[in-house]
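A.B. asks: just the structure for this:
(one chain, ligands or ions: 1)
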Amino acid sequence: MMIRRYDYGSPIFTHAIAIPQPVCTDEMPRFTVEKNGESVSFRVQMDEDDQIFGLGESVRGMNKRGHRYRAWCSDDFSHTEDKASLYASHNLVIFSGKSGVFGLYVDDPGAVTFDLGYTRGDEAVITSENGNCSAYYIEADSLIGAVKEFRHIIGRSYLPPKWGLGYIQSRWGYTTEEDLREVAKNHRERHIPIDMLSMDIDYMEDFKDFTWDAKKFPDLKAMIADFKADNLRVVPIIDAGVKLCPGDPTYDEGVEKGYFVKKEDGSTFVGAVWPGKAVFPDFMRDEVRQWFGDKYHGMLEAGVEAFWNDMNEPAIFYSEEGLEDAYAKADEMRGKNIGVYDYFALKDAFTGMSNSMADYTRFYHDVDGQRIRHDKMHNLYGAMMTKAGAQGMKSFNPDKRHLLFSRASFIGAHRDGGVWQGDNFSWWSHILLNMRELAGMNMCGFLYTGADLGGFGQNTTEDLLQRWLQLGVFTPLMRNHAALGTRDQEIYRFRNWEQMRDTLTVRYALIPFLYSELVKAAMKDDMLFRPLAFDYPADKRACRVEDQIMLAGSCMLAPVYEQNARGRYVYLPEDMLMIRFRSAEDYDCIPMTKGDHWIDLAMNEFPLFVKKGQVIPLAKGAECVAQVDAVKLTLLGWLEHGTAFTLYDDDGESTAIDLDKGLTLVDVQVKDGDITAKAEGIALDTSRIILG
Ligand code: MIG
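C.D. replies: As a prediction, this is how the structure comes out:
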């Protein structure tokens, strides 16, 4: 077990590493290091069956081999297989195979490419394009060992308050207080469990950060208090771009203090996002983060307790310069008989205007008195916005955990907040992508994560939403979200809403278990979701499974992700108990032996597999997290002998987390066909445990 750090060029400080490592001067093991102009590459040969894990939020399988990825935080709503970049840059790869387990983390906030068997199937080449980086070589006995080592040096993962595990109903398009009340009412009246409602950009006054439209929300404070009395919280969005708007305090103060990013000539960079012309806080600076974070206090004072940070790659629709260039191109073409190449150039002048490299090289950051061009540290912008928000929320309420999740991220931000997986589509394949990303993100420390259930872009369907919720039951961040203009996607809009409500009861019944496992994973630098390869390295079949995932140490998930399916094949790497859920109260427990199985799953049924010899606790369903009864639990499992596990619980919100103090031992004894179970302060029902 070891981690060794090697520096190249002049590395930029990224905040990713929490426990600084000494710099090594010997040669890096295994990788051939090549300098090429500015860039530095790390090359390694792979055996035919070697696998590669990591890269957090990214397309394709959990085994990343066979594609070329590029760390470059991108506002790209089309998460198709050809994409090299999504919103995040999680520069960790772990190799596993013939010559053991080893990994590389490239701490570089600029572009890094991961050619993982793309150019040559038997070779991986990882390239820091600017050549300024700290590269961490990792060696371990096992995949999970490598992850734990890495996670140890990047520091403890963010933990949300317990109510952060509640269901969030969201939509781009809830505009007024009436809209939110209506959604809340429709859930509560039908007893559909819910804890939060998000507020998307429409709540703001003219898309100005830290404002709310007084016409739409005449008394925000009163609305929040009403919701709170009903165990509901709102989650307003904050965008990275600040509207260019003299008279708006955020804009005025930022200009006065020189807090927005500037161009080479010292003038403020102007780009367009939702509010039209906008300026961008230089989040790389301490004092700017402090200032921006303090801006969250206004809404916190009104009673808000949660936020989501968006557009922080940063997304830039266009800049004044980009727009001028496009107009110039159009003028040049006007009246001409344009051939096909000119036509492409004309079109590209407009379609290529968004999130362009031209814009990302137009402005600079101030880093400890040094001026660094944005593209050299692009991938850090969102992470530093998250840091700002987290600081602001913590300083407002130092004793309570904050709820915050972001779109863009870099490793390091896993200490400050969660991440949602961005603008997916209402596609069946995105259920699978959602599941696979959980594994990669957990490797990189992001535990509070999930995807837009039902799909963000395009119209969902009742069956897609239903199957997707069945996966969402297990993701710490559980949010149904949809884009403006798409079909209504709230559960109650659908014919089969009662079945979906029943699905949510399972989520709430599992909260004592999920919360316990989430806290344990964070405190022990562990993963909540692991590819099967991590748990069954000697089982060649298990190592290649891409549509099942391990949950906590004891369980396995196998979601349905195909349209019209009424079941699926599952590979069991060992004997397991299948719990086939319909609701928190209605489920089958079926012992199944190691091997391949077809399992029937009606539209309202979904499975959770529990390893033989282990038990998990299930509470009764509840309509909000506060009402989950964690001291009356039913144990589910398939046992031959006695077993024991620990369950963590606490007040759900204080920042001081003492794992040992919060653990309760649940001891299950089996004797002559009788089961007895004991846990201090918890009433246990063992009637559903299966012996044999
Ligand atoms: O350009 O705020 O990913 O969740 O609904 C779109 C509107 C901006 C992108 C986010 C999405 C959100 C949307 N935002």
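
A.B. asks: sec struct for the one residue in the chain that gets nearest to the ligand, please.
C.D. replies: Residue of the chain nearest the ligand, by Cβ to the nearest ligand atom: residue 172 (3.6 Å). In this view, the C-beta of every residue, glycine as well, is placed from N, C-alpha and C. Classification of residue 172 using DSSP: H, G, I helix; E, B strand; the rest coil returns coil.

A.B. asks: doesn't residue 489 make contact with it?
C.D. replies: No. Using Cβ atoms under 8 Å, residue 172 and residue 489 do not qualify as a contacting pair, with a distance of 10.6 Å.

A.B. asks: now do the shared contacts for those two.
C.D. replies: With contacts taken as Cβ atoms under 8 Å, 6 or more residues apart in numbering, residue 172 and residue 489 have 481, 482 as neighbours in common.

A.B. asks: more neighbours: the two, which one.
C.D. replies: Summary of the neighbour comparison: residue 172 and residue 489, criterion other Cβ atoms under 10 Å, with residue 489 having more neighbours (26 against 18).

A.B. asks: looks like that one contacts residue 173 (just checking).
C.D. replies: No. With the criterion set as Cβ under 8 Å, residue 489 and residue 173 do not qualify as a contacting pair; they are 10.1 Å apart.

A.B. asks: where do the contact lists of the two overlap?
C.D. replies: Common neighbours of residue 489 and residue 173, using Cβ under 8 Å, 6+ apart, are residue 482.

A.B. asks: near the ligand, which residues of this structure? Just list them.
C.D. replies: 172, 200, 201, 237, 310, 311, 407, 422, 423, 481 (Cβ under 6 Å from any ligand atom).

A.B. asks: now those as CSV including secondary structure and distance to residue 443?
C.D. replies: Below are the residues of the chain next to the ligand laid out as CSV (DSSP: H, G, I helix; E, B strand; the rest coil; distance: Cβ to Cβ, whole Å):
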residue, secondary structure, distance to residue 443
172, coil, 30
200, coil, 30
201, helix, 32
237, strand, 28
310, strand, 24
311, coil, 26
407, coil, 19
422, coil, 18
423, coil, 23
481, coil, 25
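
A.B. asks: give me the buried subset of these.
C.D. replies: Taking 16 or more other Cβ atoms under 10 Å as the criterion, what is buried in those is 172, 200, 201, 237, 310, 311, 407, 422, 423, 481.

A.B. asks: now the helices for the stretch 351-500 of the chain?
C.D. replies: Ranges of helices in the stretch 351-500 of the chain, per DSSP state H, counting those that start in this stretch, are 357-360, 381-396, 429-443, 462-472, 497-509.

A.B. asks: pretty sure residue 308 is in a helix, no?
C.D. replies: No. Counting by three-state DSSP, residue 308 is located in no helix; its state is strand.

A.B. asks: what secondary structure does residue 651 sit in?
C.D. replies: coil.

A.B. asks: repeat for residue 254
C.D. replies: Relying on three-state DSSP, one would call residue 254 helix.

A.B. asks: show me what contacts it?
C.D. replies: 242, 260, 279, 281, 291.

A.B. asks: farthest pair in those residues?
C.D. replies: Maximum pairwise distance among the contacts of residue 254 (Cβ to Cβ): 13.5 Å, between 279 and 291.

A.B. asks: what's the helix or strand for residue 147?
C.D. replies: Following DSSP states H and E, the helix or strand that holds residue 147 is helix 143-154.

A.B. asks: what element comes up after that helix heading to the C-terminus?
C.D. replies: For helix 143-154, the following helix or strand on the C-terminal side (DSSP H and E) is strand 167-169.

A.B. asks: okay, now residue 232: neighbour count?
C.D. replies: The burial count assigned to residue 232 is 23, neighbours taken as other Cβ under 10 Å.

A.B. asks: helix, strand, or coil at residue 207?
C.D. replies: When the structure is reduced to helix, strand and coil (three-state DSSP), residue 207 reads as coil.

A.B. asks: that one and residue 240 touch, don't they?
C.D. replies: No. Taking Cβ under 8 Å as the contact criterion, residue 207 and residue 240 are not neighbours in contact, 11.9 Å apart.
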